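[1] Here you go, sequence then predicted model.
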Amino acid sequence: MLKKFLVFIITISLLFTSNVVCAASKIFAFNPNPVSSAMGDAGVALTSEFITGNILNPASTIGIYRTVVTLATSNMTGDIQYNYGGIGLLSDIGVFGATLMYVNYNTDKYYDNIGNPISGGTSYDLAATFTYAMPVKKYLPVFIDYGGFGANLKVMRSSLADYIAETIAVDLGGVISIPTAKDFSFGIALKNLGVSQKFVEKNFELPQMLTLGLAYQNIDFYNLRIALDFTNPKNYDNYTSVGFSISPVYFLALRAGLKIGGESLLNNTRMGVGLQFKGISFDYAFIPASDLNATHSFSLSFAFGNFSEQKVAYEYYLEQHFREAEANFYAKDYTKAREEFDNILAVYPDHQPSQKYLRKIADELAKIDEYNFKKINKYMEKATNAFNKNNMVKAEKYYRKVLELDPENNIAKNYIEAIEHTTDDIKVLQNRDKNSDRIQYLWDRYEKFYKKGNIIRARDSLKYLLEIDPENSLAKEKIVLIDNQLAKIASDKANEIYETGMKHYNKGDYDEAILYFEAVLVAAPHRIDVQTLIEKCQQNIQALAEDERLYKLSQEQDKVRDKLNQEFDDGMNDYQKGRLELAVEHFKKAKIIAEKYEFNDYYKKSNSYILRLSEKLSGKYYKQGVLAYRANKFELAAQSYKKALEYNAGNTSAAVELERVADKVAKKYYEEGMSAYSKNEMAKARDCFKRALYYKPNMKEAQRALARAQ
């Protein structure tokens, strides 16, 4: 009894004390939002994704990114029951909201200290609030999020001990982002501006208050939020609120706060917790009290409307990509910046800030072209001076710098070509120096045979020398000289050379025979018989080489024959037992061995079995795909059709069905990827886009989305 009497006395004091406003106004002073309540009623500088944000500051609702409905209730100190319901709607011109609030002060059943009933009448507040908030942003010359502003229009009906009064009030507020400190924001709210309420003959003012706040938010550090507010109420003492919120895991938020000053009943620490699963959020706040009932606040929010969410998400990522492109622009990486702005315009073709930056890039590139023109002239001067001084390395260096700036500069191209010719001459000399011993040996050999009159051997030595040093002009001259000598020799001398060639031919020394036959042709080009003998020598050389190859092949065949037999036998065994896929693998291995080592019979048999079994397996997987498709298992169907085509690329039925089902599967993964993208789950988004492209490689939407998600 004593506790209930104490509660009654406190409630009556709230209703009629001259230092505070009446209970009929308290609906606008209490905070039923468990999110901000748990943070000590701090957060006027924070944005909220729920409509309950309008309680502290109507501008806070600029954080709503899709349609959201919230239901809240608070069992407050003094058995006061506060019920709240609201909806926030996102539109192209801002956020609209509507809420309905009801406070029951429970003053109708109390007892005195000896148990006699005391009637306080019925006291309640009923209010409707209409909210509008508009974000304020700037894109040029750099992107700036200024925050936003908002307003509440409140209509209230109050009952005080069965007396009725009605009034209208307005809240004005703003959230200001600090451009130089992007994680900080400033908030201001002026609440409950309106006419007083009149009960019987006495007027009661609304609980007007001015609140200033500062907030810090670090999304990268567990979505840490810290808020500090100072409130100056018109009818009672000032108070300060401080609180924080942190999310150790993505679905959980822990909150705590402290409220100092003002009414003593409200001076205490608070704490709370929030849970979020997809579009559903549950929040709870606890405010302890030493003598009276503690306050418990609950809210349940439902966010829905995927189209609106995706649109806002796209705008968010648009801003993110825009800032990245902008940063590259100011870092003078115009190529990358232009690529990123082009990517933005591929999705948002009317995005004017990106268009303006592309024009800026064009202007900057024009300046670069002018600058490059001066650099080109400078490089050309240095290159030409170096070329004239035979400093080819330096000359080529600067001519190539010219081509880096102007790839179509013909003057630089011509000089580089001249340098390359000069360099080739140098390389010839370097090669000559490198092989000088071998060249000298062949030259000495040539002179030795020539002096002995063996011009055929002498000619052969010069041929070897030219293989090493193709530009050796002296060797070329000597070969021409020898050829002229051979052309002038008498027919009997030609016959002598011919007979020597035949001796080598009959011994099977075909390489040596060709030397003499070629010498005869130089002396007597009309000798068709000698031309025929040269062809026979070449054929015999090839035949000998083939015999040697076949001999080596037979040795290699002996080494792999057992392996080939094993693979083929394993294939036959799997085939007979119905293990067709394993059989195909074994036959393929047998085919590879047979092809490499020329087991022609095994090659034909293996290939025949592969074709036959692959056709069966293709039909099998095609049927599995049809059954999966009928069961709406589209991904399994696509995999089955792909498998059918792997075994038989000519299975047109499987190809047609795969194209049809691949569209469905690719679209499914693309949509899942876009959903993950909108939630900033980039790894999952990239995986989904890659899967979409796996099933439909030419899907341009997925290609663009994957590029943006990189």
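    Alright, I've got the coordinates.
[2] which ones are touching Phe298?
    Neighbour list for Phe298: Pro34, Ala72, Thr73, Ser74, Phe282, Asp283, Tyr284 [criterion: C-beta atoms under 8 Å, 6 or more residues apart in numbering]. To be clear about C-beta, it is placed using only N, CA and C from the backbone, and glycine gets the same treatment.
[3] Backbone dihedrals for it, please?
    Main-chain dihedrals, Phe298, degrees, to the nearest 10: phi -130, psi 150.
[4] ditto for Val175
    Torsion angles, degrees, to the nearest 10, at Val175: phi -120, psi 120.
[5] returning to that earlier point: as JSON lines, the contacts of Phe298 with pLDDT, neighbour count and distance to Gly150 would be great.
    Compiled in JSON lines, the contacts of Phe298 are given as follows (pLDDT from 0 to 100; neighbours: other C-beta atoms under 10 Å; distance: C-beta to C-beta, whole Å):
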{"residue": "Pro34", "pLDDT": "90", "neighbour count": "28", "distance to Gly150": "21"}
{"residue": "Ala72", "pLDDT": "91", "neighbour count": "27", "distance to Gly150": "19"}
{"residue": "Thr73", "pLDDT": "89", "neighbour count": "18", "distance to Gly150": "24"}
{"residue": "Ser74", "pLDDT": "85", "neighbour count": "24", "distance to Gly150": "23"}
{"residue": "Phe282", "pLDDT": "93", "neighbour count": "14", "distance to Gly150": "25"}
{"residue": "Asp283", "pLDDT": "93", "neighbour count": "26", "distance to Gly150": "21"}
{"residue": "Tyr284", "pLDDT": "94", "neighbour count": "18", "distance to Gly150": "26"}
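[6] now the longest helix along the chain, how far from the chain's geometric center?
    Taking DSSP state H as the criterion, the chain has its longest helix at helix 528-576. Centroid displacement of helix 528-576 relative to its chain, using C-alpha atoms, centre = their mean, to the nearest Å, is 54 Å.
[7] got it, and stretch 35-49?
    34 Å.
[8] What is the end-to-end distance of it?
    11 Å (C-alpha to C-alpha, to the nearest Å).
[9] Pull the contacting residues for Arg527.
    Contacts of Arg527 by C-beta under 8 Å, 6+ apart are Ala494, Tyr498, Val520, Leu521.
[10] Could I get the buried residue list for the strand or helix carrying the last one?
    Under the criterion of DSSP states H and E, Leu521 resides in helix 510-523. Buried residues in helix 510-523, counting neighbours by 16 or more other C-beta atoms under 10 Å, are found at 510, 512-523.
[11] ok, those vs Asp574, which is closest?
    Comparing the buried residues of helix 510-523 against Asp574 with C-beta to C-beta places Tyr510 closest, at 51.2 Å.
[12] which residues touch the residue lying closest to the closest one once chain neighbours are set aside?
    Leaving aside its sequence neighbours, Tyr510 sits nearest to Cys537 (C-beta to C-beta, 6 or more residues apart in numbering; 4.1 Å). Counting by C-beta under 8 Å, 6+ apart, Cys537 makes contact with Tyr505, Tyr510, Asp511, Ala513, Ile514, Phe517.
[13] One more pass at 10 Å, please.
    501, 504-505, 508-515, 517-518 (C-beta atoms under 10 Å, 6 or more residues apart in numbering).
[14] between the residues you listed, which is nearest Leu252?
    Once C-beta to C-beta is applied, the member of these that ends up nearest Leu252 is Asp511, at 87.0 Å.
[15] That closest one and Ile541 touch, don't they?
    Yes: using C-beta atoms under 10 Å, Asp511 is in contact with Ile541, at 6.9 Å.
[16] With just CA atoms, put stretch 536-546 into PDB.
    Coordinates of the C-alpha atoms in stretch 536-546 are reproduced here as PDB (Å, rounded to 0.1, in the frame of the first residue of the first chain):
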ATOM      1  CA  LYS A 536      67.500 -39.400-104.500                       C
ATOM      2  CA  CYS A 537      70.200 -38.400-102.000                       C
ATOM      3  CA  GLN A 538      67.800 -36.200-100.100                       C
ATOM      4  CA  GLN A 539      65.100 -39.000-100.200                       C
ATOM      5  CA  ASN A 540      67.600 -41.500 -98.900                       C
ATOM      6  CA  ILE A 541      68.700 -39.200 -96.100                       C
ATOM      7  CA  GLN A 542      65.100 -38.800 -95.100                       C
ATOM      8  CA  ALA A 543      64.500 -42.600 -95.300                       C
ATOM      9  CA  LEU A 544      67.500 -43.200 -93.100                       C
ATOM     10  CA  ALA A 545      66.300 -40.600 -90.600                       C
ATOM     11  CA  GLU A 546      62.800 -42.300 -90.600                       C
END
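[17] where does the stretch 301-450 of the chain have low pLDDT?
    Within the stretch 301-450 of the chain, the stretches with pLDDT under 70 are 305-320, 323, 347, 422-426, 429.
[18] Quick one: name whatever helix or strand follows the longest helix of the chain.
    Next helix or strand after helix 528-576 toward the C-terminus (DSSP H and E): helix 580-596.
[19] Show me what the next helix or strand after that following helix is packed against.
    Downstream of helix 580-596, the first helix or strand assigned by DSSP H and E is helix 600-630. If you count contacts as 3 or more C-beta pairs under 10 Å, 6 or more residues apart in numbering; DSSP states H and E, helix 600-630 packs onto helix 528-576, helix 580-596, helix 634-647, helix 652-678.
[20] Out of these, which is closest to Gln624?
    Nearest to Gln624 among the helices and strands packed on helix 600-630 is helix 634-647 (4.3 Å), distances taken as C-beta to C-beta.
[21] What residues sit buried inside the closest one?
    634-645, 647.
[22] Equivalent analysis for stretch 86-101, please.
    Neighbour-count burial for stretch 86-101, counted by 16+ other C-beta under 10 Å, picks out Gly86, Ile87, Gly88, Leu89, Leu90, Gly94, Val95, Phe96, Gly97, Thr99, Met101.
[23] same deal with stretch 526-545?
    Buried residues in stretch 526-545, counted by 16+ other C-beta under 10 Å: Val530, Leu533, Ile534, Cys537.
[24] And those residues, which is closest to Asp350?
    Ile534 (77.7 Å).
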